[in-house]
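1. Just need the structure, nothing else, for what follows:
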Amino acid sequence: MTIRRFLALAFAMSATACAGRASIETDPVAGDRRDAGETGVMATLNVPSTHLPPPGMCRVWDPALSSGQQRGLPSGACAGMARLVERGQWVLYRPEDDNAVVEVRMFETVDSGELQPVLIRVFDISSGMLIEEIVP
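-> Reported below is the predicted structural model:
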């Protein structure tokens, strides 16, 4: 990782922590995977386990809102979930083959004006700790 990219990622993540929203301002490389030690980001998932989707399903989550203020969207099939996401919201995904983790898919507006996933953070459910980041 170049120093420019590292600094941009660090700045974006600190801005995200302050604002409570997902915002990535780097030029990610598709397929890039970094474990938590490589990211330089100490992150924990602050989503109550009762609000996580069942394995194999997705749910829209707004990190700027408390669990009691979330939109009343139920968990559902992941295929149509991205259409329901608004800027700054996440899609939470529980893989069927690994019930111990949850993927947090972060979206940003791309040049075409559409929201696209720009970063996937994988968290351990029991500890809430970040395991790795994946650039889709």
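
2. Secondary structure element holding the closest residue to residue 96 other than its chain neighbours?
-> Closest residue in space to residue 96, ignoring its immediate chain neighbours: residue 56 at 4.0 Å, by C-beta to C-beta, 6 or more residues apart in numbering. Heads up, the C-betas are built off the backbone N, CA and C, glycines and all. Following DSSP states H and E, there is no helix or strand that holds residue 56.

3. Residue 56 and residue 44, how far apart?
-> 24 Å (C-beta to C-beta, to the nearest Å).

4. Between those two, point out the one with more neighbours.
-> The residue with more neighbours, out of residue 56 and residue 44, is residue 56; 14 against 11, by other C-beta atoms under 10 Å.

5. And the pLDDT at the more buried one?
-> Residue 56 is assigned 96 on the pLDDT scale.

6. what sits against it?
-> 94-96 (C-beta atoms under 8 Å, 6 or more residues apart in numbering).

7. for residue 52, same thing?
-> Contacts for residue 52 (C-beta under 8 Å, 6+ apart) come out as 59, 92, 94, 102, 125.

8. The first one should be in a helix, yeah?
-> No: when DSSP: H, G, I helix; E, B strand; the rest coil is applied, residue 59 is found to be strand, with no helix at that position.

9. Settle this for me: it is touching residue 50, isn't it.
-> No: with contact defined as C-beta atoms under 8 Å, residue 59 does not reach residue 50; the gap is 11.5 Å.

10. Would you mind telling me which of these two has the busier surroundings?
-> For residue 59 versus residue 50, the count of surrounding residues by other C-beta under 10 Å is larger for residue 59: 24 against 6.

11. Which strand residues bridge the more buried one?
-> Residue 59 has these beta-bridge partners by DSSP bridges: residue 92.
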